[in-house]
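Visitor: Here's my sequence, what's the structure:
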Amino acid sequence: MEKIKRIGVMTSGGDSPGMNAAIRAVVRTCSYHEIECVGIYHGYQGMISGDFIELNARSVKGIINKGGTFLKSARSKEFMTKEGRQKAYNNLIAANIDALITIGGDGTFTGAIIFNKEFNFPVIGIPGTIDNDIAGTSHTLGYDTALNTVVDAIDKIRDTASSHDRLFFIEVMGRDAGHIALNAGVGAGAEEILIPEENLGLERLVESLNRSKQSGKASSIVIVAEGDKSGKNVFELKDYVEEHMPEYDVRVSVLGHLQRGGSPSCFDRVLASRMGVKAVETLLEGKSNYMVGLLNDQIALTPLEQAIKGQSKIDKELIRVSDIMSV
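Guide: Down below sits the predicted model:
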């Protein structure tokens, strides 16, 4: 690999708190090592259209506390074609960009792997997704912030649930992974937590709610991940419980995209800074096709293909803790 003098950085896929802090870390690490950094707007689509901006240490002041990504994010169908990727490569070469740091999730890393294989272009990934569904890291950027946002929302909903003796179904993000639902559910004291990794079953849900009712609980909170294995969406769950437990006054709250927004937590800001430094320095060491992650509180490298193919594991012990806490 030739000496790297100019690195491109981009964000892709769903936004997450901490992406701006990661961009800042990449730019300032480049500045520290006296190499140039180029921001790429709108992810892979911006690579195809050549939507680049020169960045320096002062370009990224005042963004560490901002949610979202100032480089914008987009999904690109054109990049899924060989012709689109060729355009992107030509633009990078024309801009004298020697390597690429991509901040995003599974789809972002898949694109980076294909791009690297086709053009032997150096790439490093930083995991940015609130779902925490990437292997090779205990925490993705934005996950901690999203957890705190969800717990805060649940606390507020519990106030009204208690005031009116209501049962609330609260849907959180997590189509393929239940990390947000499980951790936020335990943190907020939910009575039941429904996640994609475990099939609680509708009958057991009703039994559990009955036990809660009999034990003196007048109100209850049930956290439902988008991809819950029951096969029912949150409104169908509401209808099912109302049919079998008419004594409950049931409400639904879908938290939606508010989970992705907001100022990143201190944890996410520090993690983004550590990951950004490691991403740049990994490229300068001549390495490519890795994801920077957090394992046992240490910054570590995982081959991008393993980060995608491997599935992040749900914490079985936390499921057991959740069952005990719901008595």
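
Visitor: Tell me where the model's unsure across the stretch 101-250 of the chain.
Guide: For the stretch 101-250 of the chain, residues meeting the criterion pLDDT under 70 lie at 200-201, 215-219, 228-232.

Visitor: And stretch 80-87, what's buried?
Guide: 84-85, 87 (16 or more other Cβ atoms under 10 Å). Every C-beta, even on glycine, is put in place using the N, C-alpha and C of the backbone.

Visitor: Check stretch 85-103 too.
Guide: Of the residues in stretch 85-103, 85, 87-89, 91-92, 95, 97-103 count as buried by neighbour count, 16+ other Cβ under 10 Å.

Visitor: Nearest spatial neighbour of the residue most central in space within the chain, chain-adjacent residues omitted?
Guide: What sits nearest the mean C-alpha location of the chain, by Cα atoms, centre = their mean, is residue 129, with 1.7 Å. Leaving aside its chain neighbours, residue 129 sits nearest to residue 105 (3.7 Å; criterion: Cβ to Cβ, 6 or more residues apart in numbering).

Visitor: my guess is the one you found meets residue 133, correct?
Guide: Yes: between residue 105 and residue 133 a contact is recorded at 7.3 Å, counting by Cβ atoms under 8 Å.

Visitor: Comparing those two, which residue is more hemmed in?
Guide: The residue with more neighbours, out of residue 105 and residue 133, is residue 105; 26 against 21, by other Cβ atoms under 10 Å.

Visitor: and that one, what is it in contact with?
Guide: 13-14, 127-129, 131, 133-134, 140 (Cβ atoms under 8 Å, 6 or more residues apart in numbering).

Visitor: which one of the residues you listed is nearest residue 279?
Guide: residue 127 (10.7 Å; Cβ to Cβ).

Visitor: Give me the distance between the host helix or strand of the closest one and the centre of its chain.
Guide: Assigned by DSSP states H and E, residue 127 falls within strand 123-127. Offset of strand 123-127 from its chain centre (Cα atoms, centre = their mean, to the nearest Å): 14 Å.

Visitor: Can you name the next helix or strand after the host helix or strand of residue 243?
Guide: In the assignment (DSSP H and E), residue 243 maps to helix 234-244. Next helix or strand after helix 234-244 toward the C-terminus (DSSP H and E): strand 249-254.

Visitor: which parts of the longest helix belonging to the chain are buried?
Guide: Criterion DSSP state H: the longest helix present in the chain is helix 143-164. Within helix 143-164, the residues that count as buried by 16+ other Cβ under 10 Å are 143-151, 153-154, 157-158, 161.

Visitor: And the pLDDT for residue 68?
Guide: Residue 68 carries a pLDDT score of 94 in this model.

Visitor: Neighbours of the residue lying closest to it once chain neighbours are set aside, how many?
Guide: Leaving aside its chain neighbours, residue 68 sits nearest to residue 15 (4.8 Å; criterion: Cβ to Cβ, 6+ apart). Other residues within reach of residue 15 by the criterion other Cβ under 10 Å amount to 23.
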